[in-house]
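S.K.: How does the following fold in three dimensions:
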Amino acid sequence: METEELIELSNEAKQLLKAATNREVLKITYMGGKMIQAGGQQFGRGKDREATKWKSALKELVEQKLVAERGYKDEVFELTYKGWAIADKL
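M.R.: Numbering: from 1, shown residues only. Model prediction:
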C-alpha cells in the first residue's frame, strides 16, 4: 500500500485526524445536539452548523480510508494503518 500518496484534507479533517491519534473517534448524539469527540477533545458541540462541519470532516476521513468504523452503529471509529501514516506526517 502506498502511504506516500498525496491526500488533500480540509483543516477540520486534519485536526480530527491528529486528535484521533490519542484515542478513537466518537460520533455522539445527545438531547442538546451532536458532536464529534476524539483524543479527549470535543468538536462542534451542540451547534447545528458546527456539528455538521465536523461530521463532514469525519466523513472525509472515512472516504479517504484514514479511519474505519468499529462496530455497526456509525458511532465509533479508529485510525487505519494509512490513517496513522498520514497523521504522523501532519
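S.K.: contacts, neighbours, all on C-alpha from now
M.R.: Noted.
S.K.: R45 is in what secondary structure piece?
M.R.: For R45, there is no helix or strand it lies in under DSSP states H and E.
S.K.: which one is the residue positioned nearest the centre of the chain nearest to, not counting chain neighbours?
M.R.: Against the mean C-alpha coordinate of the chain, by CA atoms, centre = their mean, the closest residue is L58 at 3.8 Å. Leaving aside its sequence neighbours, L58 sits nearest to A13 (CA to CA, 6 or more residues apart in numbering; 6.5 Å).
S.K.: thought the one you found was touching A57?
M.R.: Yes. Look at A13 against A57 with CA atoms under 8 Å: they come within range, at 4.5 Å.
S.K.: Tell me where the model's unsure across the protein.
M.R.: Residues of the chain meeting the criterion pLDDT under 70: 1-6.
S.K.: any idea where the helices of it begin and end?
M.R.: Secondary structure of the chain by DSSP state H: the helices cover 11-20, 48-63, 81-89.
S.K.: Touching the longest one from outside, list them.
M.R.: Translated: helix 48-63. 9-10, 12-13, 16-17, 27, 33-36, 43-45, 67-69 (CA atoms under 8 Å, 6 or more residues apart in numbering).
S.K.: Buried members of the residues you listed into ChimeraX, please.
M.R.: Per 16 or more other CA atoms under 10 Å, the buried members of the contacts of helix 48-63 correspond to this ChimeraX selection:
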select :12,13,16,17,27,34,35,36,43,44,45,67,68,69
